[in-house]
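Participant: Compute the structure for the input listed below.
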Amino acid sequence: MLGASDSEGTPSLASGASSCRILHATRRDDTTELEPPDSFACLPPVTRALMPSVSAAGASTARPHLSVVIACYNDGPILERNVIETLGVLDASGHSPELIFVDDGSQDDTPAIIERLVRAHPDRPVTCLRHATNTGRGSAVADGIRAASGRLVGFLDIDLEVHARYIVPCLKALDEGFDVATGLRMYDFTWRSVDRYVMSRGYRLLMQKTLAVPLEDPETGFKFFRRDAILPVLAETQDPGWFWDTEIMVRAFYAGLRITEIPVVFQRQFERPSTVRPIHDSLIHLRRLVAFRREAARLRRANRT
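Facilitator: Numbers count the residues shown, from 1 in each chain. Coordinates of the predicted model:
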């Protein structure tokens, strides 16, 4: 929230605050539209998006070069610290991004932390989206990309198991002409992370054989795009969950987008329990992979014509 609340807890804009773009996510027939509500007050306290526009002094609101999507689900213990760390990396490298927070139905204090971060950065363009229920990581990231206005747009898992410092080489690759720049995870091996290492290596081999693509690490939660190039691909991408990463990368490959995979160090963070369920998630991925095989074959044939 930008501004203060009245005595009864109803959100209000502080006197003198800049005007805001107010959005919320709605779904119809598995599609997402971003619609302006009839009024600011019609939304629940955190089910809204705020983006500062022209201030009273006439400050510029030129389209940002970069938008960073931060999809959140019960990330309260790590969110504030890791967002500040990410902004520090980007500001130090000369990038001042638009932030797109997407709270995917968190049950902890994540919404309150997002509002605190917004208040702490009043001069930074920020959009906040809140899903009433958990819709899945792919759905949350996709909504963020649609809401973004930067020429370049991307996301990173805010646990920072792949550190934000790798955003800079991804942006350099995009500025050099690539359409997609993603992390290629190199594991900082420990016995505590051997399960993730084995799962990742096994999935890569199975994905390459099943879908016939040369991608090394489509599942990494660290991807940056030229927004105008990825939007048509995003419109075709359907999976709302973790398979979204593979689907959008395969579709991007067969759409002819220029893709680079940049080596990054992956370090497990044990500060909070992982949401990955090895057996359950592996079975889901296997089913989605097999189900997507026919679509990948269709894309491959279309690419040859």
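
Participant: all helices in the stretch 201-305 of the chain, in order from the N-terminus.
Facilitator: For the stretch 201-305 of the chain, the helices defined by DSSP state H, counting those that start in this stretch cover 227-236, 244-254, 278-304.

Participant: Remind me what the second one packs against, helices and strands.
Facilitator: Which is helix 244-254. Contacting helix 244-254 under the criterion 3 or more CB pairs under 8 Å, 6 or more residues apart in numbering; DSSP states H and E are the following elements: helix 137-147, strand 180-187, helix 194-211, strand 222-226, helix 227-236, strand 259-266, helix 278-304. Every residue, glycine included, has its C-beta placed from N, CA and C.

Participant: what sits up against the third one?
Facilitator: Read it as helix 194-211. Contact partners of helix 194-211, identified using CB atoms under 8 Å, 6 or more residues apart in numbering, comprise 185, 187, 189, 213-219, 246, 250, 268, 276, 278, 282, 285-286, 289-290, 292-293, 296.

Participant: next one: the fourth one
Facilitator: Strand 222-226 has contacts (CB under 8 Å, 6+ apart) with 145, 151-157, 162, 166-167, 170-171, 174, 178-183, 245, 248-249, 264.

Participant: what do you get if the cut-off is 6 Å, keeping everything else the same?
Facilitator: Strand 222-226 has contacts (CB atoms under 6 Å, 6 or more residues apart in numbering) with Val153, Gly154, Leu156, Val162, Cys170, Leu174, Asp179, Val180, Ala181, Thr182, Gly183.

Participant: which of those residues count as buried?
Facilitator: Among the contacts of strand 222-226, those classed as buried by 16 or more other CB atoms under 10 Å are Val153, Gly154, Leu156, Val162, Cys170, Leu174, Asp179, Val180, Ala181, Thr182, Gly183.

Participant: coming back round to it: okay, the helices of the stretch 201-305 of the chain, which one's buried deepest?
Facilitator: Among the helices of the stretch 201-305 of the chain, helix 244-254 has the highest mean neighbour count (mean count of other CB atoms under 10 Å), at a mean of 23.

Participant: orientation of that helix relative to helix 137-147 in degrees?
Facilitator: Interaxial angle of helix 244-254 relative to helix 137-147 (axes from the mean of the first three to the mean of the last three CA atoms, to 10 degrees): 60 degrees.

Participant: so how far is helix 244-254 off the chain centroid?
Facilitator: 15 Å (CA atoms, centre = their mean, to the nearest Å).

Participant: What are the contacting residues of that helix?
Facilitator: Residues outside helix 244-254 that contact it (CB under 6 Å, 6+ apart): 138, 180, 211, 213, 215, 218-219, 233, 236-237, 239, 296, 299, 303.

Participant: got it, and stretch 66-80?
Facilitator: For stretch 66-80, contacts defined as CB under 6 Å, 6+ apart pick out 95, 97-104, 106, 108-110, 113, 140-141, 144, 148, 150, 152-153, 155, 158, 272.

Participant: Quick one: buried ones out of those?
Facilitator: Of these, these count as buried by 16+ other CB under 10 Å: 95, 97-104, 106, 110, 113, 140-141, 144, 148, 150, 152-153, 155, 158.

Participant: picking that back up, JSON lines for the helices and strands packed on helix 244-254, including distance to Val118 and mean pLDDT?
Facilitator: Putting the helices and strands packed on helix 244-254 into JSON lines (distance: least, CB to CB, whole Å; pLDDT from 0 to 100) gives the following:
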{"stretch": "helix 137-147", "distance to Val118": "15", "mean pLDDT": "97"}
{"stretch": "strand 180-187", "distance to Val118": "27", "mean pLDDT": "94"}
{"stretch": "helix 194-211", "distance to Val118": "33", "mean pLDDT": "80"}
{"stretch": "strand 222-226", "distance to Val118": "23", "mean pLDDT": "98"}
{"stretch": "helix 227-236", "distance to Val118": "22", "mean pLDDT": "98"}
{"stretch": "strand 259-266", "distance to Val118": "28", "mean pLDDT": "96"}
{"stretch": "helix 278-304", "distance to Val118": "32", "mean pLDDT": "86"}
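
Participant: Distance to Val89 added to the ones you listed, as TSV?
Facilitator: Below are those laid out as TSV (distance: least, CB to CB, whole Å):
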stretch	distance to Val89
helix 137-147	19
strand 180-187	14
helix 194-211	24
strand 222-226	13
helix 227-236	21
strand 259-266	13
helix 278-304	29
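
Participant: State the pLDDT value of Lys172.
Facilitator: On the pLDDT scale, Lys172 is placed at 97.

Participant: Tell me how many other residues crowd it.
Facilitator: 13 (other CB atoms under 10 Å).

Participant: To which secondary structure element is it assigned?
Facilitator: helix 167-175 (DSSP states H and E).

Participant: helices or strands next to that helix in the packing?
Facilitator: strand 180-187 (3 or more CB pairs under 6 Å, 6 or more residues apart in numbering; DSSP states H and E).
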